[in-house]
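Colleague: coordinates for the following, if possible.
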Amino acid sequence: MGSSGAEAGISHEGRELVVPPKIDYHKCEGCKICYDYCPMDVYTWDEDLKMPRVSYEDECWHCGICWMECPRRAIDIRLPAPCW
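Modeller: Numbering: from 1, shown residues only. Down below sits the predicted model:
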């Protein structure tokens, strides 16, 4: 089940690329570390599910703090192509 680049937040039509962090909810244990540590407040907390949500993907700097601090490595940080 593939997705197009536009669905994944990737664009090549002269706009800035937005590649949000991805949360693997099969690994996430709801510890709130990504929510608490993100310096850009990319995450919000879903009280009903007791899980983080990527709500402000445009604000992500791809600093990797959420990935480094996640005890389950449930977050995937993908750098936009211009950062390679």
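Colleague: helix, strand or coil for His62?
Modeller: coil (DSSP: H, G, I helix; E, B strand; the rest coil).
Colleague: which parts of this protein are helices?
Modeller: Residue ranges of the helices in the chain, as given by DSSP state H, are 33-37, 65-69.
Colleague: list the buried residues of the last one.
Modeller: This points to helix 65-69. Judged by neighbour count using 16 or more other C-beta atoms under 10 Å, the buried positions of helix 65-69 are Ile65, Cys66. The C-beta positions use only the backbone N, C-alpha and C, and glycine is treated the same way.
Colleague: and the contacts of it?
Modeller: Pro21, Ile33, Cys34, Tyr37, Cys38, Pro39, Val42, Tyr43, Arg73, Ile75, Asp76, Ile77 (C-beta atoms under 8 Å, 6 or more residues apart in numbering).
Colleague: next, the fifth one: phi, psi?
Modeller: This means Cys38. Cys38 adopts backbone torsions of phi -60, psi 120, taken as degrees, to the nearest 10.
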